[in-house]
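Colleague: I would like to see how this sequence folds:
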Amino acid sequence: MTEALSLIDAHMHLWDLKRIRYPWLTPPLPIGITGDVTPIARNYLLDDYLADAAHSGVRIEKLVHIEAGAHPEDALAETRWLQALCEARGFPQAIVAHAQLEKPDVAALLEQHAAHAAVRGIRQILNWHPDLLKTYTPRNLLEDPAWRDGFACLARHGLSFDLQIYPAQMPAAARLAAQHPDTLLILNHTGMPVDRDDEGLRQWRRGMRLLAAQPSLAVKISGLAMLDWHWSEETLRPFVLETLEIFGAARTMLASNFPVDRLFGSFGQYLETYSGLLSGASPSERAALLGGTAARLYRI
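Modeller: Residues are numbered from 1 along each chain as shown. So this is what the prediction gives:
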């Protein structure tokens, strides 16, 4: 890279397949929007991540670990493992754990997660799409009253929610945010513009503005390669620049989504591309994008 960068990585994953069950990384491997995940269906530990970052020339200051698709029964085991790693190695400084918010016993699980010092929030992937190759869930949980009841439990523990949805779900998510203004929602992966026809792009732009109108919403610029396997600076440009324009640097953060995005490029390629696209940002905006926003919102 032409410029040495320091980064608080706001979205990354680790997994130990011998310790915790990850169905999506266990044969028979499913095929979804990321295609064949065979290249990453192996242990990916802290030293693997740090090596990927070091090879890129990026200095990693802090990490936000996002739940990595463990079997729901192993969600608490994943949190315990990561908390122990934090205490032994200093990374990750923040943990976003998994919980199925529609389950009747979710309140107890949230309390157990929140008892770990590094836990800051919860993620449950909500991407629903009528196309079976694009959907992550069999139904739209944003419309499920039991799920919304579980979401309401987050505030009592001071937990944020990492929001991974598609653009068609953004209006419902904006209504949810309006109903729960005390719960921080952090939109994952640039809003995942999965449908790239004219109507799909209009839907993404409208939805991003609806979400940004809610002061409790923030966003991560990441994960675009999952929807654009042969990406280039030019194909990423509108999503990166429009996201920054819509949300502003104080509510926007850069993230690697490693090792998932490793399927489509190197750590350095992504960070160099993002840095180039954001060359017009002011020094204070760049500082926010590369770490300041993540440090403030994830309290690290």
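Colleague: any weak-confidence spans in this protein?
Modeller: Residue ranges of the chain with pLDDT under 70: 1-3.
Colleague: show me where this structure has strands.
Modeller: 5-12, 58-66, 94-98, 119-123, 160-163, 185-187, 217-221, 252-254 (DSSP state E).
Colleague: okay, the ones you listed in TSV with distance to I33 and mean neighbour count next?
Modeller: Bear in mind the C-beta positions are built from the backbone N, C-alpha and C, glycine included. Formatted as TSV, these follow (distance: least, CB to CB, whole Å; neighbours: other CB atoms under 10 Å):
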stretch	distance to I33	mean neighbour count
strand 5-12	16	24
strand 58-66	17	22
strand 94-98	19	26
strand 119-123	17	25
strand 160-163	17	25
strand 185-187	17	26
strand 217-221	17	25
strand 252-254	21	28
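Colleague: Tabulate these (CSV), appending distance to L210.
Modeller: Shown next, in CSV, are the strands of the chain (distance: least, CB to CB, whole Å):
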stretch, distance to L210
strand 5-12, 22
strand 58-66, 23
strand 94-98, 23
strand 119-123, 21
strand 160-163, 13
strand 185-187, 11
strand 217-221, 9
strand 252-254, 16
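Colleague: show me what contacts the closest residue to E73 other than its chain neighbours?
Modeller: Closest residue to E73 apart from its sequence neighbours, by CB to CB, 6 or more residues apart in numbering: R21 at 7.7 Å. Contact analysis of R21 by CB atoms under 8 Å, 6 or more residues apart in numbering lists 70-71, 73-74.
Colleague: In helices, which of those residues fall?
Modeller: Secondary structure of the contacts of R21 is defined by DSSP state H; no position falls in helices.
Colleague: Farthest pair within the residues you listed?
Modeller: Greatest spatial distance among the contacts of R21 (CB to CB): A70 and E73, at 8.5 Å.
Colleague: More neighbours: which of these two?
Modeller: Neighbour totals were compared for A70 and E73, and A70 leads with 23 against 9 (other CB atoms under 10 Å).
Colleague: so that one touches E78, yeah?
Modeller: Yes. A70 is within contact range of E78, at 4.7 Å (criterion: CB atoms under 8 Å).
Colleague: Which residue lies nearest the spatial centre of the protein?
Modeller: Central residue of the chain (CA atoms, centre = their mean): N188, 4.1 Å from the mean position.
Colleague: Return stretch 129-137 as PDB; C-alpha atoms alone will do.
Modeller: Extracted C-alpha coordinates of stretch 129-137, given in PDB (Å, rounded to 0.1, in the frame of the first residue of the first chain):
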ATOM      1  CA  HIS A 129     -35.300 -12.800   0.000                       C
ATOM      2  CA  PRO A 130     -37.900 -14.600  -2.100                       C
ATOM      3  CA  ASP A 131     -35.000 -16.000  -4.200                       C
ATOM      4  CA  LEU A 132     -33.900 -19.200  -2.300                       C
ATOM      5  CA  LEU A 133     -30.300 -18.700  -3.500                       C
ATOM      6  CA  LYS A 134     -30.200 -15.300  -1.800                       C
ATOM      7  CA  THR A 135     -32.200 -15.800   1.400                       C
ATOM      8  CA  TYR A 136     -30.500 -16.700   4.700                       C
ATOM      9  CA  THR A 137     -33.700 -17.300   6.600                       C
END
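Colleague: Next, please give the residue ranges for the helices of the stretch 151-300 of the chain.
Modeller: All helices of the stretch 151-300 of the chain, identified by DSSP state H, counting those that start in this stretch, fall at 170-179, 198-212, 233-247, 267-277, 283-287, 293-297.
Colleague: that older thread, touching both of A70 and E78, which residues are there?
Modeller: 20, 98.
Colleague: dump the residue contacts of the closest residue to A213 other than its chain neighbours.
Modeller: Nearest residue to A213, sequence neighbours excluded (CB to CB, 6+ apart): A174, at 7.0 Å. By CB under 8 Å, 6+ apart, the contact set of A174 is 207, 210-211, 213-214, 217.
Colleague: In ChimeraX, select just the buried ones from those.
Modeller: A single ChimeraX command selects the buried members of these (16 or more other CB atoms under 10 Å):
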select :207,210,211,214,217
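Colleague: T293: which of the contacts of A174 is nearest?
Modeller: Of all those, T293 sits closest to L217, with 12.4 Å by CB to CB.
Colleague: thinking the closest one is in contact with L176, fair?
Modeller: No. In this structure, L217 is not within contact of L176 by CB under 8 Å, at 10.2 Å.
Colleague: Now the common contact residues for those two.
Modeller: L185.
Colleague: Quick check, W204 in contact with G191.
Modeller: Yes. With contact defined as CB under 8 Å, W204 reaches G191; the gap is 5.8 Å.
Colleague: Of these two, which one has the most company?
Modeller: Counted by other CB under 10 Å, W204 and G191 do not tie: G191 has more neighbours, with 31 against 25.
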